[in-house]
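[1] Just the structure for this:
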Amino acid sequence: MSSPKASLPVIRRLPRYFRYITELKSIGKTRVSSSQLAEIMGSTPSQVRQDFNCFGGFGQQGIGYSVELLHSEIEHLLFPNDHITAILVGAGSLGATIANFVLHEADSVKLNAIFDNNINLVGKTLHNIKILNADTIVEYCQEHKPDLIIACIPKDAAEKFAPTLSATGVKGVWNFSHYDFSIYDKSLIVENVHLRDSLMALSYRINHADEE
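    Down below sits the predicted model:
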């Protein structure tokens with residue numbers, strides 16, 4: 001399959017396609033049409049076909065798509081190297097929750113280390129992983145070369161951490177802080193997760209439901 005030339009909105013839809021297709025596969029569904037996928041996705045059949053055409057297309061007109069093939073191809077697009085390696089920075093309550101998710105729900109991400117600058121946490125374990133001193137992150141990354149950093153630290157700590165992050169050589173950041181690391185280093189691929197923004201958007205929609 002050719003290298004993807006998809007726009008960011010199309011890329012953001014891929015995980016949803018993968019989630020729904022995984023569900024179809026789990027119940028023994030062997031084929032699915034663009035109309036059926038569009039109904040699940042809340043889009044249109046033409047949108048589904050356009051999205052898949054960004055990656056060479058996966059089906060034949062009038063026959064639909066093989067669920068097994070879709071699952072395999074999209075999984076390869078999302079995780080071409082079987083898994084990506086990660087370290088987590090910030091072992092507080094949010095970090096503990098995200099670490100638990102990665103370890104038990106994100107099969108294609110391998111969490112190898114956890115770091116914190118709180119001396120009361122360093123040396124303890126979180127989900128059976130020893131918490132290391134944040135001062136050793138660069139040294140660790142230079143030796144083990146993880147693909148990404150999961151940042152679960154406050155905004156002020158994240159801003160101070162930015163120069164260190166750039167020195168690690170990681171390719172990307174799954175960022176739960178309120179500081180955008182790409183401002184400091186534009187070469188980083190950053191996925192910002194703003195829980196507060198999402199909650200406020202939901203609040204707006206609930207309170208203005210009659211206007212939608």
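[2] what's across from the residue lying closest to Asp147 once chain neighbours are set aside in the sheet?
    With CB to CB, 6 or more residues apart in numbering as the criterion, Asp147 has its nearest non-adjacent residue at 4.2 Å, and that residue is Ile84. For every residue, glycine as well, the C-beta is placed using N, CA and C. Counting by DSSP bridges, Ile84 forms beta bridges with Val109.
[3] Over to the one 4 residues further on?
    Applying DSSP bridges to Leu88 gives these bridge partners: Ile114, Ile150.
[4] What residues does it make contact with?
    Gly95, Ile98, Ala99, Val102, Leu111, Ala113, Ile114, Phe115, Ile149, Ile150, Cys152 (CB atoms under 8 Å, 6 or more residues apart in numbering).
[5] residue contacts, the last one?
    Meaning Cys152. Contacts for Cys152 (CB under 8 Å, 6+ apart) come out as Leu88, Val89, Gly90, Ala91, Gly92, Leu94, Gly95, Ile98, Phe176, Ser177.
[6] In helices, which of these appear?
    Under the assignment DSSP state H, the contacts of Cys152 contribute Leu94, Gly95, Ile98 to helices.
[7] and of those residues, the nearest to Glu73?
    Closest approach between the ones in helices among the contacts of Cys152 and Glu73, by CB to CB: Ile98, at 28.2 Å.
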